[in-house]
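1. The following block contains a protein sequence and its predicted model.
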Amino acid sequence: MGSLETSADTEQDAKPTYFESLLLVSAALYVAGRLGLQFSIPPTSTSILWPPTGIALAACLLGGPRMALAVLIGFFLTGLSLSASIPAWLAAVLAGCATIQAVATSVLIRNLIGFPGPVWRGERVPFFLLLSGPIGSTVSATLSISCYVLVGLFPASAFWGHWLTHWTGDTLGALVVMPLCLTLAARPGHAFGGRRLAVALPLAISFLLTGIVFRTALKTSSENAVQEFLRQSKQDLATRLLARGIVLTGQTETVLNSLLVKATEEELDWLRAQPGVMSVGYLPEFW
């Protein structure tokens with residue numbers, strides 16, 4: 001007697017196991033964390049767009065609270081790789097804060113809106129996005145920045161500034177990356193399955209363009225800041241030279257940011273001790 005294999009059976013067989021989902025989500029969070037550094041604001045690793053937030057929320061929406069372990073592992077590995085100054089125990093605490101946010105936000109969405117079907121009803125879309133981004137992102141921002149302040153990495157006076165940056169990164173990460181993950185990870189019969197091209201493509205292009213524009217603007221801003229700093233340093237040094245009575249004869253472009261002076265050995269010793277002076281050389285052909 002033959003057997004009939006339904007499409008539901010095939011779909012069930014193709015569904016990844018919990019272990020496979022754990023590995024996939026953890027790896028995706030780690031890679032996304034490294035990518036999120038492209039949106040970081042020096043000198044810290046705080047990002048204005050944090051993709052792991054969207055991935056973690058999508059994982060908890062699709063897989064339920066049981067995905068919390070995968071999210072915790074992924075955030076923990078990401079935290080360890082971002083900065084050598086963060087001890088393992090603090091990385092674990094911060095990972096726990098991010099995991100609490102992902103699980104709590106997904107539970108709120110399921111209970112208050114419904115998932116997946118009711119989410120895309122016209123009147124519920126704004127509420128869904130509000131819970132996913134601005135409201136849900138307050139959890140990790142508050143808990144994480146409080147931890148930083150308690151261990152002394154941030155002064156209490158800087159709490160709200162760091163909180164706002166953290167909240168912004170999580171909010172944008174949730175609003176941009178979470179819908180992208182839902183459409184890509186959904187099975188064909190899922191509510192998001194038919195929206196892959198319509199949703200994923202514009203979001204992916206927007207994400208890439210945002211990254212390119214941000215990195216270009218950040219590079220230009222950094223270069224301008226460095227040049228301005230060097231210009232001010234040269235002016236300050238020239239002022240100190242004149243006050244000391246050392247003759248400034250000009251500057252040369254053969255050595256970057258160099259000044260030419262006419263000075264005695266004693267004056268050269270004084271010059272070597274000045275802030276902003278990296279080295280002092282002797283050019284006899286100029287005298």
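-> On my side now, so go ahead.

2. Tell me which helix or strand comes right after the one helix or strand residue 92 maps to.
-> Element membership of residue 92, judged by DSSP states H and E, is helix 88-112. Next helix or strand after helix 88-112 toward the C-terminus (DSSP H and E): helix 125-130.

3. Using CSV, list the CA coordinates for that next one.
-> What follows is helix 125-130, C-alpha atoms only, in CSV (Å, rounded to 0.1, in the frame of the first residue of the first chain):
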residue,chain,number,x,y,z
VAL,A,125,0.8,47.8,12.3
PRO,A,126,1.8,51.1,14.1
PHE,A,127,1.2,49.5,17.5
PHE,A,128,3.4,46.5,16.4
LEU,A,129,6.2,48.8,15.3
LEU,A,130,5.8,50.9,18.5
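
4. where does the stretch 51-200 of the chain dip in pLDDT?
-> Counting by pLDDT under 70, the ranges of the stretch 51-200 of the chain that qualify are 83-85, 117-122, 186-200.

5. change it to 80
-> Low-confidence segments of the stretch 51-200 of the chain, defined by pLDDT under 80: 82-86, 115-125, 183-200.

6. Sketch out the helices for it, chain order is fine.
-> For the stretch 51-200 of the chain, helices defined by DSSP state H, counting those that start in this stretch occupy the ranges 51-63, 68-82, 88-112, 125-130, 137-150, 159-185.

7. Show me which residues of the shortest one are buried.
-> Right, helix 125-130. Within helix 125-130, the residues scored as buried using 16 or more other C-beta atoms under 10 Å are 128, 129. Every C-beta, even on glycine, is put in place using the N, C-alpha and C of the backbone.

8. Residues touching that helix, excluding its own?
-> Identification of contacts with helix 125-130 by C-beta atoms under 8 Å, 6 or more residues apart in numbering yields 109, 112, 113, 119, 175.

9. Identify the residue nearest residue 110 in space, chain neighbours excluded?
-> Closest residue to residue 110 apart from its sequence neighbours, by C-beta to C-beta, 6 or more residues apart in numbering: residue 61 at 7.6 Å.

10. Surely that neighbour touches residue 108?
-> No. Residue 61 is beyond contact range of residue 108, at 10.8 Å (criterion: C-beta atoms under 8 Å).

11. Same drill for these two, tell me which one is more crowded.
-> residue 61 (24 against 14; other C-beta atoms under 10 Å).

12. ok, the more buried one to residue 24 distance?
-> Distance of residue 61 to residue 24, computed by C-beta to C-beta, to the nearest Å: 15 Å.

13. And for residue 91?
-> Per C-beta to C-beta, residue 91 is found 21 Å from residue 24.

14. More neighbours: those two, which one.
-> The residue with more neighbours, out of residue 91 and residue 24, is residue 91; 19 against 15, by other C-beta under 10 Å.

15. and the more buried one, what does it touch?
-> Neighbouring residues of residue 91 by C-beta under 8 Å, 6+ apart: 76, 79, 80.

16. From those residues, pick the one nearest residue 157.
-> Among the contacts of residue 91, residue 79 lies closest to residue 157 (C-beta to C-beta), at 24.5 Å.

17. The nearest residue to the closest one once chain neighbours are set aside and residue 147, how far apart?
-> Using C-beta to C-beta, 6+ apart and skipping residues adjacent in sequence, the residue nearest residue 79 is residue 91, 3.6 Å away. Note on residue 91: its distance to residue 147, by C-beta to C-beta, is 11 Å.

18. Residue 53 now?
-> Distance of residue 53 to residue 147, given as C-beta to C-beta: 17 Å.

19. higher neighbour count, the two?
-> residue 53 (33 against 16).

20. Could you pull up the contacting residues of the closest residue in space to that one that isn't next to it in sequence?
-> Leaving aside its sequence neighbours, residue 53 sits nearest to residue 173 (C-beta to C-beta, 6+ apart; 3.7 Å). By C-beta under 8 Å, 6+ apart, residue 173 lies in contact with 36, 49, 50, 51, 52, 53, 54.

21. wait, isn't the first one in contact with residue 50?
-> I take that to be residue 36. Yes. Contact criterion C-beta under 8 Å: residue 36 and residue 50 qualify, at 5.0 Å.
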